[in-house]
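Novice: 3D model of this:
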Amino acid sequence: MDAIDTRTAGIESRLAGIERRAHTLLPTPVHELTVLSERSGCRVFCKRDDLTGFGFGGNKTRKLDFLIADALRSGSDTLLAVGANQSNFCRVVAAYAIDPEAYAQVEVATWSDFIWLNGGIVTRDPFDVDLEKLIVEVGVDTGYCRDALRYDPEDEGCNSIDVENYRISDAICRIPGDPTEWTNYVNDQCIVIGWAGYDERVRFLPPEHFLAHSLREALDASFRMGGRLEKQGPDGKLLVRLRENVNPVGCRRNTWEIEQVLVTVQQRPDVEFGAVCEGVAEVIEEAYEAIAADDSRWRMEWRDIELLVNPNGPLLNGGSDGDNGQTGRKLAVDYYGPRVPIGGGALSGKDLTHIDRAGSYAARKACVEAVARGEEICEVLVAYAPGRSAPLEVRWNREGRRNAGIDRNANRFNHEAARELACTMKPAALENLARGTHFFDLTAPWNQGDGMTNRA
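Specialist: Numbers count the residues shown, from 1 in each chain. This is a model prediction of the structure:
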């Protein structure tokens, strides 16, 4: 083992000296396949290189990070790739070749078996990516597909929605031109809200919002191959109700008692309803117990928490077969939950440089840094106008006795600074943000504070 560790360390040090184009989201996780482990009698693990992120390229992006960097260093202006039909390698090479400063603002609407794409994309060279193919890939990754595409090639099962049967209407404007005319310019008006509180254990979020995100991630993982609820979902809803005890007797900090967890999960019609409910309860309990074991502020024993699972009976037709989703729920999920005011624009679907998104990230960063320095809760409102990089107004609101000080330098909210912060996010990591983790994902630079410390 020592020899292997030594050789591995040598490889890592040699690779560190080679320039790479860091688009790949690394390290990828290793997940235990619990169902296969139980059936085989030994622990089976899966290295999830399907989560490298960039262009759904799997492990192909690992070597391309180095190859692309070498091509750029040598002054090459053409990428040539050869592969079989539907080659992942060729697709990722094409993705790398797209204008790195491209501007895109695309909205997606769905109902039944229809998908409408609208918005605009600006690139210097023609944007000829097959978006219908991309939609199918996303649908398969989500779970809206035939099981043969996602689980087992011999499986004849299918979700109630098969993404391959969607009728897609593409009304996106593809504009050839200089994208910096859009990316470097404030072309909209907006009010953004930044908020942070508590500490990094709850990811600087309201505890109920942190818990809802954590339970959602546990359920999503259980729907995937080898999970406790494999092939169930992916649609569903989750609601958490808790009571916050402010400075209870005998405690130096607030504590939280969950009053109710409500979960609705889409299921397959050939699976017994009771088994699905039992599986959901097990996943939620395991996730909560892990959170409570790491943070004593979660005071309730699981047996004392009321859990409601699919109280309306089985949910069979999910996704666009049952709801078009065109409400404000995504704003509450994208931001900080119903406790905190919501800004003036959605985050998902907007270009990273769009003022709604870049400004929101800059506001979040400022608040996280303030809380990491000692503030209890920090909130900032920033207002922008078209054609003006500097904000019209910056209004702070804080709570706490620490008086640690807030960085009131308004220049950090200028569009140039805000978009620079937003664009430090690795492209490979952006896919995860679309799941609603804009302020939950601690790998995002705006969710990190200098000198973060756990005060719990």
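Novice: can you pull out the helices in the stretch 101-250 of the chain?
Specialist: With helices called from DSSP state H, counting those that start in this stretch, the stretch 101-250 of the chain shows them at 131-142, 147-150, 180-183, 207-223.
Novice: could I get those helices in JSON lines, plus columns for mean pLDDT and distance to residue 38?
Specialist: Using the backbone N, CA and C atoms, a C-beta is placed for each residue, glycine as well. JSON lines is the format used below for those (pLDDT from 0 to 100; distance: least, C-beta to C-beta, whole Å):
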{"stretch": "helix 131-142", "mean pLDDT": "88", "distance to residue 38": "25"}
{"stretch": "helix 147-150", "mean pLDDT": "88", "distance to residue 38": "20"}
{"stretch": "helix 180-183", "mean pLDDT": "89", "distance to residue 38": "50"}
{"stretch": "helix 207-223", "mean pLDDT": "95", "distance to residue 38": "14"}
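Novice: same list (those helices) but as a markdown table, adding mean neighbour count.
Specialist: Below are the helices of the stretch 101-250 of the chain laid out as a markdown table (neighbours: other C-beta atoms under 10 Å):
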| stretch | mean neighbour count |
| --- | --- |
| helix 131-142 | 17 |
| helix 147-150 | 18 |
| helix 180-183 | 16 |
| helix 207-223 | 21 |
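Novice: ok, which of the ones you listed comes nearest residue 312?
Specialist: Smallest distance to residue 312 across these (C-beta to C-beta): 17.5 Å, for helix 207-223.
Novice: CA atoms only for that closest one, dumped as PDB, please.
Specialist: Listed next in PDB are the C-alpha coordinates belonging to helix 207-223 (Å, rounded to 0.1, in the frame of the first residue of the first chain):
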ATOM      1  CA  PRO A 207     -32.100  25.900   8.400                       C
ATOM      2  CA  GLU A 208     -35.400  24.900   6.900                       C
ATOM      3  CA  HIS A 209     -34.100  25.600   3.400                       C
ATOM      4  CA  PHE A 210     -30.800  23.800   4.100                       C
ATOM      5  CA  LEU A 211     -32.700  20.800   5.300                       C
ATOM      6  CA  ALA A 212     -35.100  20.700   2.300                       C
ATOM      7  CA  HIS A 213     -32.100  20.800  -0.100                       C
ATOM      8  CA  SER A 214     -30.300  18.100   1.800                       C
ATOM      9  CA  LEU A 215     -33.300  15.800   1.900                       C
ATOM     10  CA  ARG A 216     -34.000  16.500  -1.800                       C
ATOM     11  CA  GLU A 217     -30.400  15.500  -2.700                       C
ATOM     12  CA  ALA A 218     -30.800  12.200  -0.700                       C
ATOM     13  CA  LEU A 219     -34.000  11.400  -2.600                       C
ATOM     14  CA  ASP A 220     -32.500  12.200  -6.000                       C
ATOM     15  CA  ALA A 221     -29.500  10.000  -5.300                       C
ATOM     16  CA  SER A 222     -31.900   7.100  -4.300                       C
ATOM     17  CA  PHE A 223     -33.700   7.300  -7.600                       C
END
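Novice: quick one: it to helix 131-142, angle?
Specialist: 100 degrees (axes from the mean of the first three to the mean of the last three C-alpha atoms, to 10 degrees).
Novice: domain parsing for the chain?
Specialist: Domain assignment for the chain by automatic domain parsing gives 19-97, 101-182, 184-206+336-456, 209-327.
Novice: and the end-to-end length of the second one?
Specialist: Same thing as domain 101-182. Using C-alpha to C-alpha, to the nearest Å, the span of domain 101-182 from its first residue to its last is 10 Å.
Novice: now do it: distance to the chain's middle.
Specialist: Relative to the chain's own centre, domain 101-182 is displaced by 17 Å; criterion: C-alpha atoms, centre = their mean, to the nearest Å.
Novice: quick one on the thing from earlier: and the domains of the chain as JSON lines, adding distance to residue 11?
Specialist: Output for those, formatted as JSON lines (distance: least, C-beta to C-beta, whole Å):
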{"stretch": "domain 19-97", "distance to residue 11": "13"}
{"stretch": "domain 101-182", "distance to residue 11": "30"}
{"stretch": "domain 184-206+336-456", "distance to residue 11": "22"}
{"stretch": "domain 209-327", "distance to residue 11": "29"}
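Novice: tell me the most buried of those?
Specialist: Stretch with highest mean neighbour count among the domains of the chain: domain 184-206+336-456 (a mean of 19; mean count of other C-beta atoms under 10 Å).
Novice: mean confidence for that domain?
Specialist: When pLDDT is averaged along domain 184-206+336-456, the result is 86.
Novice: swap in stretch 109-121?
Specialist: The model assigns stretch 109-121 a mean pLDDT of 90.
Novice: tell me which residues are up against it.
Specialist: Contact partners of stretch 109-121, identified using C-beta atoms under 8 Å, 6 or more residues apart in numbering, comprise 102-108, 127, 131, 135, 161, 165-175, 319-321, 324-326, 349.
Novice: quick one, strands of the stretch 101-250 of the chain?
Specialist: 103-111, 114-123, 167-176, 190-197, 236-245 (DSSP state E, counting those that start in this stretch).
Novice: redo the ones you listed as a markdown table? Include distance to residue 285.
Specialist: Formatted as a markdown table, the strands of the stretch 101-250 of the chain follow (distance: least, C-beta to C-beta, whole Å):
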| stretch | distance to residue 285 |
| --- | --- |
| strand 103-111 | 33 |
| strand 114-123 | 36 |
| strand 167-176 | 40 |
| strand 190-197 | 27 |
| strand 236-245 | 14 |
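Novice: relative to residue 292, which of the ones you listed is closest?
Specialist: strand 236-245 (12.2 Å).
Novice: what does the biggest helix by length in the chain contact?
Specialist: When the chain is parsed with DSSP state H, its longest helix is helix 273-294. Residues outside helix 273-294 that contact it (C-beta under 8 Å, 6+ apart) are 201, 211, 214-215, 217-219, 222, 228-229, 232, 258, 261, 263, 265, 267, 298, 300, 302, 305, 307, 309-310, 313-314.
Novice: mean confidence score for that helix?
Specialist: pLDDT averaged over helix 273-294 gives 96.
Novice: per-residue confidence at residue 316?
Specialist: Model confidence at residue 316 (pLDDT) stands at 92.
Novice: what's the closest non-adjacent residue to it?
Specialist: Nearest residue to residue 316, sequence neighbours excluded (C-beta to C-beta, 6 or more residues apart in numbering): residue 269, at 5.4 Å.
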